[in-house]
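Asks: let me see the structure of the following:
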Amino acid sequence: MCGIFGYVGNDSRLATLISGLKSLEYRGYDSAGLAFFDNNEIILRKQKGKVENLEKIIDMNRTFNLGIAHTRWATHGAPSMQNAHPHLSENRSFCIVHNGIIENFEDLKSQYLEGVNFKSGTDSEVVAHLLEKFLTEMFLVRFKRFQVS
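Replies: Numbers count the residues shown, from 1 in each chain. Down below sits the predicted model:
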């Protein structure tokens, strides 16, 4: 079973996300990861195994205002760093964590995401790419509608 922890606030340290993940350790997992927003960029850190493995590769004192963290119990894709959450969209404009199973993820990939470079073997990564594709398309359609010629 997976666990999700998020934070929105004023200048928290990454230790806040790690602490949140540690409070979910009783649930079982095979990997852990976190992402936070810094200087208009999504910073992503993932690691196979226990939360303490993730803790070793981050600066616990680094601050952020918006972040998500996840512990994963594999349902699609082998336990690995690549399959750990969070997942980024191709252009790094969307970052997601997900609990559950997307049963039609292969259909979604073949129908809507041909040519997209997937970095994991998970069903969840599909969501990040779908958000990027369709929200970008919706924005462009609306923007064109309001352009002045």
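
Asks: pLDDT weak spots in the chain?
Replies: By pLDDT under 70, the weakly predicted segments of the chain are 1, 27, 140-149.

Asks: what residue lies at the spatial centre of this structure?
Replies: Centroid-nearest residue in the chain: residue 86, 2.3 Å away (criterion: Cα atoms, centre = their mean).

Asks: can you name the residues that contact that residue?
Replies: Counting by Cβ atoms under 8 Å, 6 or more residues apart in numbering, residue 86 makes contact with 33, 34, 35, 44, 46, 68, 70, 95, 96, 97. (Each C-beta comes from the backbone N, C-alpha and C, glycine too.)

Asks: which of the residues you listed has the most neighbours?
Replies: residue 34 (31 neighbours; other Cβ atoms under 10 Å).

Asks: the helix or strand that residue falls within pairs with which strands, and in what direction?
Replies: In this structure, residue 34 sits in strand 31-38 according to DSSP states H and E. Sheet pairing here is set by DSSP bridges, and for strand 31-38 it gives strand 41-48 (antiparallel), strand 63-72 (antiparallel).
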